[in-house]
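Novice: pasting the structure only:
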């Protein structure tokens, strides 16, 4: 349409024959559209064609063009409407969501009608790309809400694009990751271009039919006000709320830099010497394991708990028969659906780390972490990171005495979906290289278990511990259970059940009087598994054979067993470090001492 208008900037005139007793007007000009071109050409062209109409179907082409133009206009309007009222969450993506009247659309139309032609052109050229960016933002929010149960962070989440690419590479291969990246880029470009074209087309039609458009906007505005006054959901202002929320998010991120800098230095255990840390755990091997995506829903959602809870209950019965006891509660994670490192940071540092800005600030600090406290107190600290397939700078901050990444673990079997190796192999290697060693100091190990990481399409089988070896056994089909990609809930509950069964079996096989196992979830799985608006709570359990260990946490109110009930206490994950240090004999240090890291 724009090229057709550009060919007729001169402004053709249309005159009609006057009756014999009336004079023709001196100057009859056609109204102009937003580009200044007259709209009379269509009538003139139609008259010319009619004069030549001696062939069949001579007038069909102009009719086809008019119909196509009308269809394109309707589609442009619907596209603008869809972007304005479209939701940013998958659970709200229903047909009824689009049957709304957006306040922002009415205000935009009113502005177009009030502006002169030149101003209208400028407004359309500005509004089109802005609506395109809004569409991209809503798609980003939709993706993040679906996977991480939160909106896209305009300040910090750009750094996650590299992590997302790495995840897709691990799960679908390099070709799949490149295809996904290209698809995302093309989608963003298509949204920007299509919204710009759509807004310009709507603007031109509004200018051509300004009187009818003015009446329609006035009537719809009255309808919007009436619906808003009586709470009818037809009235919508979601776009304004979305933009305001993201603007507030940007302000909060900028303000939080100073806030967190103050929090990070406020540490009652910063100067505590090693001989006053963790005295209640002397001689114990403490194994801290994060079970990937093990959330509260796994033990409370009937569709998930049906497979997970029997593993925990039967396992606890066997552990009790061997003299073990356990206490369980809940922690609220700073993240959901992903971002495991934020949960690790939060638990170990005693600070609420819910974004990349805080994560980076923590790594640049000398904050005493839980594993740092064990190291100061004389434990050998070990980091076992089976998913670390690339250099991991966080290891320097946590200061492990020994560190095992994916390559150092020496696994020779096949991978399982995202997980490079089964949890059983990870624990078996840790046992061989660390706990089986004679004449050693007590060990404190941090071990993320990743067999329950999405996409849950391949889950290992538990095998005999003596058969684990170098992992070659897991290359056989009999050592894995496949799940279809669309069976997320079934695959998830099977994977979590496997990870928990593996932990219980490890304690049964290698546990002793000096083993203390702390296991917890890092975060809930994605909303595709939990459903919308799930809590961020994760179960946490401490298992020990020595009754003196659990006696120290009697005041916590945690419940007996491997799984907490619905009435179990719920703490922010950031409170665990200080509670744990205090319960097991640590006392705040004296400012001015220099105990070392």
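Specialist: Cool, got the structure. This is a predicted model, so every value here is computed, not measured.

Novice: for residue 412, give me its contacts.
Specialist: Residues in contact with residue 412, defined by C-beta atoms under 8 Å, 6 or more residues apart in numbering, are 470-472, 475. Using the backbone N, CA and C atoms, a C-beta is placed for each residue, glycine as well.

Novice: would you map the helices across the stretch 401-550 of the chain?
Specialist: If DSSP state H, counting those that start in this stretch is used as the criterion, the helices of the stretch 401-550 of the chain fall at 423-430, 488-510, 527-530, 547-551.

Novice: who touches the last one?
Specialist: Residues from elsewhere that reach helix 547-551, judged by C-beta under 8 Å, 6+ apart: 280-281, 284, 325-327, 516, 542, 544.

Novice: which one of these is nearest residue 149?
Specialist: Distance ranking of the contacts of helix 547-551 against residue 149, using C-beta to C-beta, places residue 542 first at 27.3 Å.

Novice: which residues are in contact with that closest one?
Specialist: Each residue near residue 542 by C-beta under 8 Å, 6+ apart is listed here: 326-328, 516-518, 549-550, 553, 558.

Novice: quick one on the thing from earlier: mean neighbour count, the helices of the stretch 401-550 of the chain: which tops it?
Specialist: helix 423-430 (a mean of 26; mean count of other C-beta atoms under 10 Å).

Novice: next, the angle from that one to helix 488-510.
Specialist: 30 degrees (axes from the mean of the first three to the mean of the last three C-alpha atoms, to 10 degrees).

Novice: and helix 423-430, average pLDDT?
Specialist: What helix 423-430 shows for mean pLDDT is 98.

Novice: show residues contacting it.
Specialist: Outside helix 423-430, the residues that reach it (C-beta under 8 Å, 6+ apart) are 287, 382, 384, 386, 404, 409-411, 413, 445, 447, 449-451, 460, 462-463, 465, 468, 471, 474, 498-499, 502-503, 505-506.

Novice: narrow those residues to those in strands?
Specialist: Of the contacts of helix 423-430, the ones assigned to strands by DSSP state E are 287, 382, 384, 404, 445, 447, 449, 460.

Novice: now the residues you listed in JSON lines, with pLDDT?
Specialist: Rendered in JSON lines, the data for the ones in strands among the contacts of helix 423-430 read as follows (pLDDT from 0 to 100):
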{"residue": "287", "pLDDT": "98"}
{"residue": "382", "pLDDT": "97"}
{"residue": "384", "pLDDT": "97"}
{"residue": "404", "pLDDT": "97"}
{"residue": "445", "pLDDT": "98"}
{"residue": "447", "pLDDT": "98"}
{"residue": "449", "pLDDT": "98"}
{"residue": "460", "pLDDT": "94"}
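
Novice: quick one: the strands in the stretch 151-300 of the chain?
Specialist: Shown for the stretch 151-300 of the chain, the strands assigned by DSSP state E, counting those that start in this stretch span residues 235-236, 285-291.

Novice: so which of the ones you listed is nearest residue 197?
Specialist: For these, proximity to residue 197 was assessed by C-beta to C-beta; strand 235-236 is nearest, at 23.8 Å.

Novice: so who does residue 417 touch?
Specialist: Under the criterion of C-beta under 8 Å, 6+ apart, the contact list for residue 417 reads 171, 453-458.

Novice: repeat that for residue 337.
Specialist: Counting by C-beta under 8 Å, 6+ apart, residue 337 touches 147-149, 523-527.

Novice: for those residues, which one is nearest residue 569?
Specialist: Of all those, the one sitting nearest residue 569 is residue 524; the distance, using C-beta to C-beta, is 18.0 Å.

Novice: need the three-state assignment for residue 366.
Specialist: Judged by DSSP: H, G, I helix; E, B strand; the rest coil, the three-state class of residue 366 is coil.

Novice: check what pLDDT it gets.
Specialist: Reading off the confidence values, residue 366 has pLDDT 95.

Novice: where are the low-confidence patches of the chain?
Specialist: Residues of the chain meeting the criterion pLDDT under 70: 1-61, 170-171, 477-480, 483-486, 590-597.

Novice: which pair in the ones in strands among the contacts of helix 423-430 spans the largest distance?
Specialist: Put simply, by C-beta to C-beta the two of the ones in strands among the contacts of helix 423-430 set farthest apart are 382 and 460, 22.7 Å from each other.

Novice: adding neighbour count and distance to residue 177, write the contacts of residue 417 out as a markdown table.
Specialist: Listed next are these as a markdown table, based on neighbours: other C-beta atoms under 10 Å; distance: C-beta to C-beta, whole Å:
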| residue | neighbour count | distance to residue 177 |
| --- | --- | --- |
| 171 | 16 | 9 |
| 453 | 25 | 17 |
| 454 | 22 | 15 |
| 455 | 17 | 14 |
| 456 | 27 | 19 |
| 457 | 19 | 17 |
| 458 | 18 | 18 |
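
Novice: strands - which of those land there?
Specialist: Counting by DSSP E, the contacts of residue 417 contribute residue 458 to strands.

Novice: can I get the contacts of residue 417 in a markdown table with distance to residue 296?
Specialist: Rendered in a markdown table, the data for the contacts of residue 417 read as follows (distance: C-beta to C-beta, whole Å):
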| residue | distance to residue 296 |
| --- | --- |
| 171 | 25 |
| 453 | 18 |
| 454 | 17 |
| 455 | 21 |
| 456 | 18 |
| 457 | 24 |
| 458 | 25 |
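
Novice: wait, which of the contacts of residue 417 is closest to residue 97?
Specialist: Distance to residue 97 across these (C-beta to C-beta) is lowest for residue 454, with 26.8 Å.

Novice: quick check, the closest one in contact with residue 340.
Specialist: No. In this structure, residue 454 is not within contact of residue 340 by C-beta atoms under 8 Å, at 11.3 Å.

Novice: hmm, back to that, if any of the contacts of helix 423-430 are buried, put those into a ChimeraX selection.
Specialist: Buried residues within the contacts of helix 423-430, by 16 or more other C-beta atoms under 10 Å, are selected in ChimeraX with:
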select :287,382,384,386,404,409,411,413,445,447,449,450,451,460,463,465,468,471,474,498,499,502,503,505,506
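
Novice: so what's the residue nearest the centre of the chain closest to, chain neighbours aside?
Specialist: What sits nearest the mean C-alpha location of the chain, by C-alpha atoms, centre = their mean, is residue 148, with 2.4 Å. Closest residue in space to residue 148, ignoring its immediate chain neighbours: residue 337 at 4.2 Å, by C-beta to C-beta, 6 or more residues apart in numbering.

Novice: quick check: phi and psi on the one you found?
Specialist: The phi and psi values for residue 337, taken as degrees, to the nearest 10, are phi 80, psi -20.

Novice: which stretches of the stretch 51-200 of the chain form helices?
Specialist: Taking DSSP H, counting those that start in this stretch as the criterion, the stretch 51-200 of the chain carries its helices at 60-85, 103-114, 117-148, 160-208.
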